[in-house]
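>>> Mind looking at a prediction? Sequence and model below.
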Amino acid sequence: MPLVQVTASKGQLDSKSRDQLMSRLSTAVIRAEGADVNDPAARSLVWATFAEGDQSAVYVGGEISQNPPVVIELITPEGALTDTTRQSLVEEVREIVDDIIGPYKNSLNHWALLREISEGGWGGAGKLFPLAAIQDAMNINARIPV
């Protein structure tokens, strides 16, 4: 049950590029959690939001950035990722961002922020969803943490 949140500067991506970015990031986090990327149940539990902000409000090194980075937050339940899958995920995110917006010379083009929601801290519809229930709903075989 990952949540993908992307923040970019207004107009930085056209609608086609935005759709590609969100689709590929959603697939990447599904893969990192160990689900089948083609499983409709797993895909239905990946929610993603894209927010645009004013480019003149993005500062790098204390100065307005001419090429503002994209901020990508990947939020997963505690224990859904291992050290190995976290590393693979940030590598895949780099590839995706480089493909879609291109690398920046002498600067990062994005931050990938991996956040975990503590066990018992993910809920909806008036119910709490522990990791085991989320993995069951996504048809993921539980794995032993690394």
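Yes, it's here.
>>> Would you enumerate the residues in contact with the residue nearest the centre of the chain?
By C-alpha atoms, centre = their mean, the chain has its centre lying nearest to residue 74, at 3.3 Å. Residue 74 makes contact with 2-4, 25, 29, 89, 93, 112-115, according to C-beta atoms under 8 Å, 6 or more residues apart in numbering. For glycine as for every other residue, the C-beta is placed from the backbone atoms N, C-alpha and C.
>>> which one of those residues is nearest residue 103?
Lowest distance from residue 103 to these (C-beta to C-beta) belongs to residue 93, with 13.1 Å.
>>> tell me which residues of the helix or strand hosting that closest one are tucked away?
In the assignment (DSSP states H and E), residue 93 maps to helix 83-100. Residues 85-86, 89-90, 92-93, 96-97, 100 are the ones in helix 83-100 that count as buried (16 or more other C-beta atoms under 10 Å).
>>> ok, which stretches of the chain are strands?
In the chain, the strands defined using DSSP state E lie at 3-9, 47-53, 59-60, 63-64, 70-77, 110-117, 123-124, 127-128.
>>> Mind giving me the packing neighbours of the second one?
For strand 47-53, the elements it packs on are strand 3-9, helix 15-33, judged by 3 or more C-beta pairs under 8 Å, 6 or more residues apart in numbering; DSSP states H and E.
>>> Export these as CSV, with columns for mean neighbour count, distance to residue 54 and mean pLDDT.
Supplementary listing: the helices and strands packed on strand 47-53 in CSV, determined by neighbours: other C-beta atoms under 10 Å; distance: least, C-beta to C-beta, whole Å; pLDDT from 0 to 100:
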stretch, mean neighbour count, distance to residue 54, mean pLDDT
strand 3-9, 19, 7, 97
helix 15-33, 18, 17, 97
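>>> Ok, which of those comes nearest residue 107?
strand 3-9 (13.9 Å).
>>> quick one: the residue nearest to residue 34 when sequence neighbours are not counted from residue 75, how far?
Leaving aside its chain neighbours, residue 34 sits nearest to residue 140 (4.9 Å; criterion: C-beta to C-beta, 6 or more residues apart in numbering). Remark: distance between residue 140 and residue 75 (C-beta to C-beta, to the nearest Å) = 17 Å.
>>> In the chain, where is pLDDT below threshold?
142-146 (pLDDT under 70).
>>> what sits up against stretch 6-25?
So stretch 6-25 is contacted by 4, 48-55, 58, 68, 70-74, 93, 96-97, 100-101 (C-beta under 8 Å, 6+ apart).
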